[in-house]
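Enquirer: next come a sequence and a model predicted from it.
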Amino acid sequence: MSAAGKHEVGKHAVGKHEVAMLVQQYLVMEGYKKSAERFSKEAARELKHVPEGVRVRHLRDLLSELATLKDEKSSRQRAARDVPDGLPATFMDQLLCLLSDYDVQRKERKRKRSP
């Protein structure tokens, strides 16, 4: 953790106030009214940095996405290990990137079609 109270995630820094906002929203959405009120008081210093009306995706969705990303990373690493020695690593990187883009587009089309 950095001195500013931020955890580095990839190229992005996640601040304490963002985590507090996520926890607060989770407690409210799940109906933990007393816990949400208490957390709101205890985390007031962090929550005051959150702009009014900001909403984020549900914690469960974020954690599911994280698990999916970790699985995809493991799959890419396994695939990279299985590349024949004669193929350049950049070819594999480009192929994996292309497949990832295709998957994102396929999921986006599917999401638009569903009601």
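Expert: Structure received. Note that the structure is predicted; figures quoted are calculated from it, not measured. Numbers count the residues shown, from 1 in each chain.
Enquirer: ranges for the helices of this protein?
Expert: With helices called from DSSP state H, the chain shows them at 16-29, 33-42, 44-47, 59-81, 89-113.
Enquirer: single out the most deeply packed of those.
Expert: Most buried of these by mean neighbour count (mean count of other Cβ atoms under 10 Å) is helix 16-29; its value is a mean of 17. Just so you know, the C-beta spots here come from the backbone N, C-alpha and C atoms, and that holds for glycine as well.
Enquirer: outside of it, which residues touch it?
Expert: In this structure, residues lying in contact with helix 16-29 by Cβ atoms under 8 Å, 6 or more residues apart in numbering are 5-6, 35-36, 39-40, 43, 46-50, 54-56, 58-59, 62.
Enquirer: equivalent analysis for stretch 99-110, please.
Expert: Contacts for stretch 99-110 (Cβ under 8 Å, 6+ apart): residue 72.
Enquirer: model confidence over that stretch, on average?
Expert: Stretch 99-110 shows a mean pLDDT of 80.
Enquirer: likewise stretch 71-85?
Expert: For stretch 71-85, the mean pLDDT works out to 76.
Enquirer: work out the gap between it and the centre of the chain.
Expert: Distance, stretch centre to chain centre, for stretch 71-85: 22 Å (Cα atoms, centre = their mean, to the nearest Å).
Enquirer: can I get that stretch in PDB, CA atoms only?
Expert: Extracted C-alpha coordinates of stretch 71-85, given in PDB (Å, rounded to 0.1, in the frame of the first residue of the first chain):
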ATOM      1  CA  ASP A  71      -9.000 -17.800 -14.700                       C
ATOM      2  CA  GLU A  72      -8.400 -16.100 -18.100                       C
ATOM      3  CA  LYS A  73      -4.900 -15.100 -17.000                       C
ATOM      4  CA  SER A  74      -4.100 -18.700 -15.900                       C
ATOM      5  CA  SER A  75      -5.500 -20.000 -19.200                       C
ATOM      6  CA  ARG A  76      -3.300 -17.500 -21.100                       C
ATOM      7  CA  GLN A  77      -0.200 -18.500 -19.100                       C
ATOM      8  CA  ARG A  78      -0.900 -22.200 -19.800                       C
ATOM      9  CA  ALA A  79      -1.400 -21.600 -23.500                       C
ATOM     10  CA  ALA A  80       1.800 -19.500 -23.600                       C
ATOM     11  CA  ARG A  81       3.700 -22.400 -22.000                       C
ATOM     12  CA  ASP A  82       2.400 -24.800 -24.600                       C
ATOM     13  CA  VAL A  83       3.500 -22.700 -27.600                       C
ATOM     14  CA  PRO A  84       6.000 -24.500 -29.800                       C
ATOM     15  CA  ASP A  85       9.600 -23.200 -29.300                       C
END
